[in-house]
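> give me a model of this one.
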Amino acid sequence: MLHRTKKEYDTSSELVIQRFGPGIKLIRPEKVSSSLHENMLSVDKMLSMPLNVYFVNRQSVLQNLNKETQENAGFDSIQSAVGKTVAIAATKETTKITLDHDQTVFRTSTMQIRDEIYTRLIDNLQFTSINAKLPWFDNENKIIGVFGFSIILSADENLTEKCSLTASFSKIFEMIMPYGLLNSDPCPRTNTLTKISPGTSINDIYFTKRQSEIINELLKGKTSKEIGKILGLSNRTVEFYISNIKDKMNVNTKSQLLEKIFEFQKMPNY
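Below you'll find the predicted structure:
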């Protein structure tokens, strides 16, 4: 199932991405109301944005994707990626995380925003990204897949500064919000960004949802191996998260990290 090679749905460049309930539909441009033409977002325009953009079916088989997604995910080409799943280019752990995220969208019929760690097979490169995934509906109002887009948090943009989270999400808002894909508010305000953020901000330091979960387990005295079992992650991935947390807290050792965490725990906004 993971290596299924089939493209089922039309994602032609001229189709318009239109918000529908908690997700989106792809419709013919001639069917769009003339009053909405100014804010039409075509598939072609979406795929040209400097984001990772993709469409998958209910089996998480890629139906379409842009160059950024192809290169960052580790596929040889866009053509070779279409009809495949992420299992072709990523580790088993990454594949599980990605498919679980997709299945949550299908199960809840809601938009999901999460941080994900991605590990490529081609060079074993590992990075964190913030992913927004919306249900993709057909003309009969049935969910046929997921429409997703994401921003990669690179090594030199790991949200250690106070405004880094806002800056990263602002990139999405500036490009996406005029088309109503996240919500109806066209203004990228900080409170709105915080609302959709999948993580938490402690003492002006942003931690992704997964990092927050790991911090909570560290506070319980859990080891990396134990945390991995609890969260369904490999020991290497847990250590990757902990390393990022240490960088954000500006500490070098795990003992210093725990000391800093306990300091944060005493704060009233923790």
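
> going forward, measure contacts and count neighbours with C-alpha atoms only.
OK.

> residue contacts, S129?
Going by C-alpha atoms under 8 Å, 6 or more residues apart in numbering, S129 touches 115-118, 150-153.

> from those residues, which single one is nearest D44?
If you rank those by distance to D44 using C-alpha to C-alpha, S150 comes first, at 16.7 Å.

> what residue, apart from its backbone neighbours, is nearest that closest one spatially?
Closest residue to S150 apart from its sequence neighbours, by C-alpha to C-alpha, 6 or more residues apart in numbering: N131 at 4.3 Å.

> same check on L125?
T119 is the one closest to L125 (C-alpha to C-alpha, 6+ apart), at 5.5 Å.

> ok, that neighbour touching I88?
No: if you go by C-alpha atoms under 8 Å, T119 and I88 don't touch, sitting 11.8 Å apart.

> which one's more surrounded, these two?
Between T119 and I88, counted using other C-alpha atoms under 10 Å, the more crowded position is T119 (23 against 19).

> ok so the more buried one is a strand residue?
Yes: the assignment for T119 by DSSP: H, G, I helix; E, B strand; the rest coil puts it in a strand.

> state the distance from it to K246.
Going from T119 to K246 by C-alpha to C-alpha, to the nearest Å gives 20 Å.

> so the residue nearest to S150 sits in a strand?
Yes: assessed with three-state DSSP, N131 lies in a strand.

> surely it and I117 touch.
No: counting by C-alpha under 8 Å, I117 is not a contact partner of N131; they are 10.3 Å apart.

> show me the contacts for the residue nearest to S150.
By C-alpha under 8 Å, 6+ apart, the contact list for N131 reads 112-116, 148-151.

> do that again at 10 Å, thanks
52-53, 98, 101, 112-116, 148-152, 198 (C-alpha atoms under 10 Å, 6 or more residues apart in numbering).

> take those residues and keep only those in strands.
Judged by DSSP state E, the subset of the contacts of N131 located in strands is 52-53, 112-116, 148-152.

> which residues touch N72?
Applying C-alpha under 10 Å, 6+ apart, we find N72 in contact with 52, 89, 118-120, 125, 127, 152.

> low-confidence ranges in the stretch 1-150 of the chain?
By pLDDT under 70, the weakly predicted segments of the stretch 1-150 of the chain are 1-7, 34-39.

> can I get stretch 143-157 in CSV? Just the C-alpha atoms.
What follows is stretch 143-157, C-alpha atoms only, in CSV (Å, rounded to 0.1, in the frame of the first residue of the first chain):
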residue,chain,number,x,y,z
ILE,A,143,-13.1,13.7,1.5
ILE,A,144,-10.8,12.3,-1.1
GLY,A,145,-7.4,13.4,0.2
VAL,A,146,-5.3,16.1,1.9
PHE,A,147,-4.1,19.4,0.6
GLY,A,148,-1.0,20.5,2.5
PHE,A,149,1.7,23.1,2.8
SER,A,150,4.6,23.7,5.1
ILE,A,151,7.6,25.8,6.0
ILE,A,152,11.0,24.2,7.0
LEU,A,153,12.6,25.5,10.1
SER,A,154,16.3,25.4,9.1
ALA,A,155,19.3,25.3,11.4
ASP,A,156,19.7,29.0,11.2
GLU,A,157,15.9,29.6,11.7
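
> buried ones in it, by neighbour count?
Using 16 or more other C-alpha atoms under 10 Å as the test for burial, stretch 143-157 gives 143-153.

> with stretch 46-66 instead?
In stretch 46-66, counting by 16+ other C-alpha under 10 Å, buried: 46-47, 49-66.

> which members of those are positioned in helices?
In helices, judged by DSSP state H, the following of the buried residues of stretch 46-66 are found: 46-47.

> cheers, nothing more for now.
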